[in-house]
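Asks: What shape does this take:
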Amino acid sequence: MTTVIRFAVVACLVLTLSVAAQAGTLQVGNPAIDRPNSDGWISNLVIDETATYTNVSGIALDLSIDTFEFYVEVNHNRVTPFVVKVNADNDFTVLAIGDTRVSGVDYDAVDLFSLPFSAAAQTITLGAGETLAAGFLDADPDGTNSGGTRGVISYNDAAGSEIWYSGGSTASDSASVAVGSAPTPGTNTYPSTTNPTLNRIYSFNIQFDLLTTIPGMIEWQTPQTIVSVNDIDLAGSLVRAVNLGAGAVSVTVGSETIPFDTIGTTSDTIEQEGATANGGFYAGTTGDTNFDTVLDSFAYDHNPPGPAELTLNGLTPGQEYQIQLFASDDRSCCSTRTQNFSDALGGPPSDTFAHSESPLTIGTFTAAGASQVVHINDVSTATKHVLNGYVLRAVPEPSSLLLTVFALAALAVVRRRR
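Replies: As a prediction, the model looks like this:
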C-alpha cells in the first residue's frame with residue numbers, strides 16, 4: 001500500500017514539470033503582411049531595432065525559438081533568419097541562426113509563409129534586462145549565394161521604426177552572421193558616419209516559446225465572443241467581480257450568484273478618464289439582464305501614451321488567480337477598434353480582438369506580491385482603452401490539482417486491495 005502511494009506522488013511530480021514547462025509565447029518583429037516595397041539591392045541584411053523584446057521580469061528567461069514568419073514580395077533566391085542580443089544602439093551579438101529558406105523549396109509565391117525557425121531545436125537564455133531583436137539576410141549565413149534581382153521580404157517606410165541595414169547591389173556586397181559574434185557588415189551599412197538611419201518596417205518576425213514560468217506573468221487564453229451568461233468561468237472560488245460603468249448588480253451563473261461591485265468599493269484601481277453606462281456598448285443578450293448591464297457600460301481612457309492600467313490589490317503571494325476581462329463596444333463609431341491585454345512584465349499579450357466581438361478574455365497568473373497589474377492596450381488607435389468589468393477568482397495550482405487526482409487514485413487502489 002505504501003508503495004502505491006509513493007508511486008502516485010512521483011508520477012504527479014513528473015507531470016507537474018511538464019505542465020509548467022511552457023509558460024507562453026513571444027514574438028519579436030512585425031506582422032508579416034503585404035507591404036508595398038522590396039529592396040532594390042540583392043544583398044540585404046536587416047535587424048529591426050524597434051520591434052524588440054526586453055526582459056523586464058528580473059530573472060533569466062529560457063526561450064525556445066519556434067517560428068520564422070515572413071511575407072515574400074519577390075519570389076526568388078533565399079533568406080536566412082537570425083536572432084541577436086542588443087548590446088547598445090547598433091551593437092549586436094548573434095545568438096542563433098535559423099535554417100536558410102530557398103525559393104521553390106520553402107516558398108513559391110508572393111505570400112505569407114510561416115516556417116520552423118530551424119529543423120533542430122534551439123534554446124537561448126535571455127538575462128534580466130537584456131533585449132532581443134530579429135534579423136534576416138538574403139543569403140546563406142556566411143554571405144554566399146546572394147542573388148536574384150531584388151530583396152525577398154516586403155517593407156514600407158515608417159517614421160520612428162529604426163533598422164540596422166547592411167549589403168549592396170551585388171552578391172559580393174553581402175554581410176554575414178556567425179553565432180557568438182557581431183554581424184559582419186557588407187559593403188554598405190546604415191546608419192554609419194556616411195549613411196543615414198533607415199526608418200522601415202519589414203514584414204517578418206520570429207516567435208519564441210517561453211520556457212520559464214515568471215511569477216506575475218499572465219498566461220492568456222484565446223478571447224471568446226460572449227453569447228451567454230454561462231460563458232463566465234466558475235473555476236476555483238470567487239475573489240471579487242467589478243462592474244466598471246454602472247452600479248452594483250448580481251449575476252447568477254448556474255448555482256452561483258456573483259455580486260458585481262463598483263471598483264470604488266474594492267481595493268483595486270484603474271486608470272480611467274471616465275465611466276459611462278447604457279450607451280449601446282453591448283447590442284446582444286446573454287440571458288441575464290444584469291450581466292447585459294455590465295457589458296453595456298464601461299470605464300474608458302483616452303490618454304496616451306501607453307496602456308491603461310488595472311491594478312488588482314489584496315492578493316496572496318504564491319496563490320494562482322484567474323482574471324476574466326470583458327471589453328465590448330458595439331457602437332458604430334468604435335466597434336472596429338482593436339485591443340488586447342498584457343501584464344507589466346513584458347510577457348506575451350493576449351490575442352488582439354475587435355470591440356464588436358464582445359470578447360471575454362481569460363488569463364491566469366501566480367501572484368508575485370499583493371498586487372498585480374493588467375495592461376489594457378488599444379492596438380488600433382493607442383489612445384482608446386475600454387473595459388466593461390472583470391471577474392477575479394482564486395484557482396488551485398496545477399501541482400495541487402495533480403496531487404489531489406493522484407492521491408485519490410492511490411486511495412482507490414488501496415481500498416480495492418483491502
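
Asks: When you work out contacts or count neighbours from here on, use the C-alpha atoms and nothing else.
Replies: OK.

Asks: what's the distance between the most centrally placed residue in the chain and residue 48?
Replies: What sits nearest the mean C-alpha location of the chain, by Cα atoms, centre = their mean, is residue 348, with 2.5 Å. Computed with Cα to Cα, to the nearest Å, the distance linking residue 348 and residue 48 is 19 Å.

Asks: Please apply the same query to residue 248.
Replies: Shown here: residue 248 relative to residue 48, a distance of 48 Å by Cα to Cα.

Asks: So between these two, which is more surrounded?
Replies: A direct count of neighbours by other Cα atoms under 10 Å for residue 248 and residue 48 places residue 48 higher, at 26 against 18.

Asks: How about the spatially closest residue to the more buried one that is not a sequence neighbour: which residues does it bridge to?
Replies: Leaving aside its chain neighbours, residue 48 sits nearest to residue 163 (4.6 Å; criterion: Cα to Cα, 6 or more residues apart in numbering). Note on residue 163: beta-bridge partners by DSSP bridges are residue 48, residue 198.

Asks: From the structure, what's the count of residues near residue 163?
Replies: Count around residue 163 with other Cα under 10 Å applied: 23.

Asks: show me the contacts for it.
Replies: By Cα atoms under 8 Å, 6 or more residues apart in numbering, the contact list for residue 163 reads 46-50, 197-200.

Asks: List only buried entries from the residues you listed.
Replies: Buried members of those, counted by 16 or more other Cα atoms under 10 Å: 46-50, 198-200.

Asks: For residue 214, state which of these is nearest.
Replies: residue 50 (24.3 Å; Cα to Cα).

Asks: pretty sure residue 229 is touching residue 288, no?
Replies: Yes: using Cα atoms under 8 Å, residue 229 is in contact with residue 288, at 6.2 Å.

Asks: Neighbour count: those two, which is higher?
Replies: Set residue 229 next to residue 288 and count neighbours by other Cα under 10 Å: residue 229 wins out with 19 against 15.

Asks: can you give me the strands in the stretch 101-250 of the chain?
Replies: Ranges of strands within the stretch 101-250 of the chain are 101-102, 112-116, 123-126, 131-137, 155-168, 188-190, 198-202, 204-210, 219-220, 224-225, 237-243, 249-253, based on DSSP state E, counting those that start in this stretch.

Asks: Same question for the stretch 251-400 of the chain.
Replies: 256-261, 269-270, 274-277, 297-301, 308-312, 320-326, 338-343, 353-354, 359-366, 372-378, 385-387, 389-395.

Asks: Could you list every helix and strand that the last one packs against?
Replies: With contacts defined as 3 or more Cα pairs under 8 Å, 6 or more residues apart in numbering; DSSP states H and E, the secondary structure elements packing on strand 389-395 are strand 237-243, strand 320-326.

Asks: Mean confidence (pLDDT) on it, please.
Replies: Strand 389-395 shows a mean pLDDT of 97.

Asks: swap in the second one?
Replies: On average, the pLDDT along strand 269-270 is 93.

Asks: where does the chain have low pLDDT?
Replies: 1-24, 302-305, 381-383, 397-418 (pLDDT under 70).

Asks: which parts of stretch 333-351 are buried?
Replies: Neighbour count says stretch 333-351 has 335-345, 347-350 buried, by 16+ other Cα under 10 Å.

Asks: just how off-centre is it within its chain?
Replies: 9 Å (Cα atoms, centre = their mean, to the nearest Å).

Asks: again, but for stretch 227-235
Replies: Mean C-alpha position of stretch 227-235 versus that of the full chain (Cα atoms, centre = their mean) differs by 24 Å.

Asks: what's next to it, contact-wise?
Replies: 252-254, 284-288, 291, 324, 393, 395.

Asks: Give me the distance between the two termini of that stretch.
Replies: Start to finish, the residues bounding stretch 227-235 are 19 Å apart (Cα to Cα).

Asks: Check stretch 201-215 too.
Replies: 33 Å.

Asks: re earlier: skipping adjacent residues, who's closest to the residue nearest to the centre of the chain in space?
Replies: residue 26 (5.3 Å).

Asks: and what of residue 222?
Replies: residue 351 (6.3 Å).

Asks: So the one you found versus residue 56, what's the distance?
Replies: From residue 351 to residue 56 the distance is 21 Å (Cα to Cα).

Asks: What residues are bridge-paired with residue 270?
Replies: residue 310.

Asks: Number of residues surrounding it?
Replies: Neighbours of residue 270 under the rule other Cα under 10 Å: 21.

Asks: how about it, what does it touch?
Replies: Contacts for residue 270 (Cα under 8 Å, 6+ apart) come out as 308-311.

Asks: any chance of those in JSON lines, with neighbour count and distance to residue 33 too?
Replies: Formatted as JSON lines, the contacts of residue 270 follow (neighbours: other Cα atoms under 10 Å; distance: Cα to Cα, whole Å):
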{"residue": "308", "neighbour count": "28", "distance to residue 33": "28"}
{"residue": "309", "neighbour count": "22", "distance to residue 33": "30"}
{"residue": "310", "neighbour count": "18", "distance to residue 33": "32"}
{"residue": "311", "neighbour count": "15", "distance to residue 33": "34"}
